[in-house]
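Student: mind folding the following:
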Amino acid sequence: MKSLSFALVVLIWLLGTACVSATPVPPPSPTLAVPSLTAAPIIVPLPSPITTPMAFFLEVLEPTNESVVRNPSVKVLGRTVADAVVSADGQPVELDASGNFSITMKLEEGPNSIEIIANDFQGHQAARILNVIYAP
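Tutor: Residues are numbered from 1 along each chain as shown. Down below sits the predicted model:
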């Protein structure tokens, strides 16, 4: 009876190891075979069903921090997500459909700080402070 039990255990073990492949088999890629009149099928990749929402951000492109300018005003250019609300030193800033913005800020002689704040309806907020020096 012991030899029969031992043989059964060995057989189960052999069957179990035979079912496990030594090299992993990659999952099939999401493609769609489209039949055609020729012998070779045309493979069309399927679009990804998951779209990742754009992360909230605020980027000021111009001017660079610590810029020295000769004009009494400076154009502040930047971008953020399209549905954000942006202000520059408390003044509302209009965005285009892509989230780009531009506002002209008046400067006083010497160092000036410009605070750009962006918010969205999900509660995200980002701020950038630019230091611009007006030296006529």
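Student: who's in contact with the host helix or strand of residue 132?
Tutor: Using DSSP states H and E, residue 132 falls within strand 125-134. With Cβ atoms under 8 Å, 6 or more residues apart in numbering as the test, strand 125-134 has contacts from 56-58, 60, 63, 65-72, 74, 76, 78, 80, 107-119. The way it works is simple: take the backbone N, C-alpha and C, and place the C-beta from them, glycine included.
Student: can you select the buried ones from those residues in PyMOL?
Tutor: To isolate the buried ones among the contacts of strand 125-134 in PyMOL, judged by 16 or more other Cβ atoms under 10 Å, type:
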select buried, resi 56+58+60+63+74+76+78+80+107+112+114+116+117+118+119
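Student: do a quick rundown of the strands in this protein.
Tutor: 31-34, 42-45, 58-62, 67-69, 73-80, 85-88, 91-93, 100-106, 110-119, 125-134 (DSSP state E).
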